[in-house]
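Asker: Here is my input, please return the structure:
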Amino acid sequence: MNNILGFAAITLIATASQADIIKCVFTEPFIDSTYSMAQQTLTYSAFTGDDKPELTVVKNVSFQIKAAGEFELVAKDGSVLQKISLNNKGSDGMSDRNYPYEVQDKGMAGMANSGWGGCSSNFLKASEDTDSK
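Answerer: Next comes the predicted model:
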């Protein structure tokens with residue numbers, strides 16, 4: 001049993017460590033976030049109706065594995081910016097897409113729905129919800 005749990009943990013860690021870029025989407029307000037493991041930056045793109053999104057870049061953000069399938073993006077001061085779960089329950093709140101990661105954002109103030117959204121990565125993409133059609 002321990003071997004199975006160990007293999008599952010290694011598989012999840014390997015999947016997460018391959019996720020060079022994690023992109024999350026939120027609604028109300030319309031905000032995307034992009035985390036780069038290589039650069040250790042979390043970039044927020046806020047869409048306010050203008051042609052160009054308003055960008056906010058947070059530097060020195062670490063990716064921390066908390067448990068199997070549970071991760072946090074942590075700022076240099078130790079504050080948790082995002083809690084990410086690899087549970088295939090992520091949602092952008094508007095489309096029929098299913099995201100492999102569910103995220104709660106704690107970094108941007110004023111987000112509706114307590115900042116819940118969905119994320120995909122280089123290796124785990126969002127898929128269309130075939131049950132709702």
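
Asker: where along this protein do the strands fall?
Answerer: Secondary structure of the chain by DSSP state E: the strands cover 21-26, 31-36, 41-46, 54-58, 62-67, 70-74, 80-90, 97-105, 116-121, 127-128.

Asker: In CSV, list the ones you listed along with mean neighbour count and mean pLDDT.
Answerer: C-beta: built from backbone N, CA, C; applies to glycine. Below are those laid out as CSV (neighbours: other Cβ atoms under 10 Å; pLDDT from 0 to 100):
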stretch, mean neighbour count, mean pLDDT
strand 21-26, 23, 95
strand 31-36, 21, 94
strand 41-46, 18, 93
strand 54-58, 13, 92
strand 62-67, 13, 97
strand 70-74, 19, 97
strand 80-90, 18, 96
strand 97-105, 21, 95
strand 116-121, 23, 94
strand 127-128, 12, 87
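
Asker: Now do the contacts for residue 92.
Answerer: 25-27, 99, 117-118 (Cβ atoms under 8 Å, 6 or more residues apart in numbering).

Asker: any idea how far the residue lying closest to it once chain neighbours are set aside lies from residue 121?
Answerer: Among residues not flanking residue 92 along the chain, residue 25 sits closest, at 4.3 Å (Cβ to Cβ, 6 or more residues apart in numbering). Per Cβ to Cβ, to the nearest Å, residue 25 is found 13 Å from residue 121.

Asker: same deal with residue 75?
Answerer: Between residue 75 and residue 121 the distance is 20 Å, computed by Cβ to Cβ.

Asker: ok, now residue 127?
Answerer: Residue 127 is 13 Å from residue 121, by Cβ to Cβ.

Asker: got it, and residue 98?
Answerer: 14 Å.

Asker: And residue 106, by the same measure?
Answerer: 20 Å.

Asker: Could you do residue 60 as well?
Answerer: 21 Å.

Asker: just residue 37 next, same as before
Answerer: For residue 37, the distance to residue 121 - Cβ to Cβ - is 10 Å.
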